[in-house]
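Chemist: only the shape, not the letters, is given here:
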């Protein structure tokens, strides 16, 4: 039996992958929302928690989850709405709105002392923020090894203004535009959006992204009766007795509005909400007959923006950018993935097991949500099984 974009036999394989990883005890529940050639399918398994009240509630497309780094593409899209209406310009310095980041200095040695610096050769621009090339970001090292890492980790998050002021007092790791560095630029982008709009980052995000796309469950916190749909998040590692460890419960960090709305990883959402965002990008910015994002802006966001020189010196390990580049807040595949994704596919994943990719060649949007922290060795079997099953589910 065939159904159009997907075959029923193929969808059963996707469902089997979810059930297998849930039954193994890796996660209490998981959901996939798949769209292809106008057909949308949902496959889900398990519950919101291993124990407690959530253990009796089925995991579904409207289960609220922490998106972690899947926040980044949505924040970049929000910033682009300000570029589209002329409030921001991609190649303008951010100095007027973020004077704390004007006249920056740069470390002579990224691993060296914080007072061994030279002047920045150019100002930080909006484009630098959206491409993660502003000169500051995550360095893959342990605490106590590199001074700038400890300094950034020690910044005060009591308010956006306090945080960005502290960031501006530190030197950059490298010259703006020189290399890709993860995470920090997305948090700066959130502060930039707030100042450019004159409202909180969360309110601006709601007005420019959530409301036009009907994303009612996407925000920086969960409250009221919605808590009943909020999945429990578990740490990567279990106890010595192989018991999962709760990292954040429904009444935890996200149960109250944060003082710092993180553009790097602060949003919660549902698989169906995120599907609305992803599907709009695949449709060239259109959602239910309305052009939410201009098509040229979508093309820009979802195209590789890194130069060969930037890719050569960037990434978490050597060769990190051999098969992909970076658009605005998301990866873009430059070579076919062994998991099936075509060249030009774009998307990103999140720490708690969320993932999204659009494959324009296959007219595919695929969303996967669970809530279990991951490392490479634990995550890859799940992604391998999931994406393999998705690409085996096609009906023609």
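Modeler: Right, received. Where do you want to start? Computed from a predicted model, the values in this text were never measured in an experiment.
Chemist: which ones are touching residue 73?
Modeler: Counting by Cβ atoms under 8 Å, 6 or more residues apart in numbering, residue 73 touches 277, 301, 328, 329, 330, 347, 348, 356. The C-beta positions use only the backbone N, C-alpha and C, and glycine is treated the same way.
Chemist: just to check, the first one is in contact with residue 209?
Modeler: Yes. Assessed by Cβ atoms under 8 Å, residue 277 is found in contact with residue 209 at 7.1 Å.
Chemist: who touches both of those two?
Modeler: Here residue 277 and residue 209 have 74, 77, 215 as joint contacts, going by Cβ under 8 Å, 6+ apart.
Chemist: between the residues you listed, which is nearest residue 248?
Modeler: residue 74 (20.0 Å; Cβ to Cβ).
Chemist: setting aside sequence neighbours, what's the nearest residue to residue 64?
Modeler: Excluding the flanking residues, the one nearest residue 64 by Cβ to Cβ, 6 or more residues apart in numbering is residue 230, at 4.6 Å.
Chemist: among the contacts of residue 73, which are located in strands?
Modeler: Within these, residues falling in strands by DSSP state E are 347, 348, 356.
Chemist: out of those residues, which comes closest to residue 373?
Modeler: Nearest to residue 373, judged by Cβ to Cβ, of those is residue 348 at 16.4 Å.
Chemist: and the closest one, what does it touch?
Modeler: For residue 348, the contacting residues are 69, 70, 72, 73, 329, 330, 331, 355, 356, by Cβ under 8 Å, 6+ apart.
Chemist: which SS class is the fourth one?
Modeler: In this case it means residue 73. Classification of residue 73 by DSSP: H, G, I helix; E, B strand; the rest coil places it in helix.
Chemist: how about the strands in the stretch 251-396 of the chain?
Modeler: All strands of the stretch 251-396 of the chain, identified by DSSP state E, counting those that start in this stretch, fall at 268-269, 286-287, 290-291, 324-326, 331-333, 346-349, 355-359, 364-369.
Chemist: ranking those by burial, who's on top?
Modeler: With neighbours defined as mean count of other Cβ atoms under 10 Å, those peak in mean count at strand 364-369, which reaches a mean of 27.
Chemist: out of the shared contacts of residue 277 and residue 209, who's nearest residue 52?
Modeler: Checking the shared contacts of residue 277 and residue 209 against residue 52 by Cβ to Cβ gives residue 215 as the nearest, at 27.5 Å.
Chemist: just to revisit the earlier point, pLDDT value on the residue nearest to residue 64, please?
Modeler: pLDDT recorded at residue 230 is 98.
Chemist: tell me how many other residues crowd it.
Modeler: The local packing of residue 230 (other Cβ atoms under 10 Å) involves 28 other residues.
Chemist: returning to what we had before: residue 139: which of the shared contacts of residue 277 and residue 209 is nearest?
Modeler: The closest of the shared contacts of residue 277 and residue 209 to residue 139 turns out to be residue 74 (Cβ to Cβ; 25.0 Å).
Chemist: ok, the closest one touching residue 206?
Modeler: No. The criterion here is Cβ under 8 Å, and residue 74 misses it with residue 206 at 11.4 Å.
Chemist: give me the phi and psi for residue 105.
Modeler: Its backbone dihedrals place residue 105 at phi -110, psi 170, with angles given as degrees, to the nearest 10.
Chemist: which residues touch it?
Modeler: 117, 118, 119, 120, 171, 172.
Chemist: of the residues you listed, buried ones?
Modeler: Among these, those scoring as buried are 117, 120, 171, 172 (criterion: 16 or more other Cβ atoms under 10 Å).
Chemist: quick one, helices of the stretch 101-250 of the chain?
Modeler: With DSSP state H, counting those that start in this stretch as the criterion, the stretch 101-250 of the chain has helices at 126-130, 147-153, 160-168, 184-197, 201-205, 211-213.
Chemist: out of those helices, which comes closest to residue 240?
Modeler: Of all those, helix 147-153 sits nearest to residue 240, with 28.0 Å by Cβ to Cβ.
Chemist: elements contacting that closest one?
Modeler: Using 3 or more Cβ pairs under 8 Å, 6 or more residues apart in numbering; DSSP states H and E, no helix or strand is in contact with helix 147-153.
Chemist: and that helix, average pLDDT?
Modeler: For helix 147-153, the per-residue pLDDT averages 96.
Chemist: check stretch 270-284 too.
Modeler: For stretch 270-284, mean pLDDT is 98.
Chemist: before we move on, the earlier item: more crowded one of residue 74 and residue 206?
Modeler: The residue with more neighbours, out of residue 74 and residue 206, is residue 74; 27 against 19, by other Cβ under 10 Å.
Chemist: understood, closing this out.
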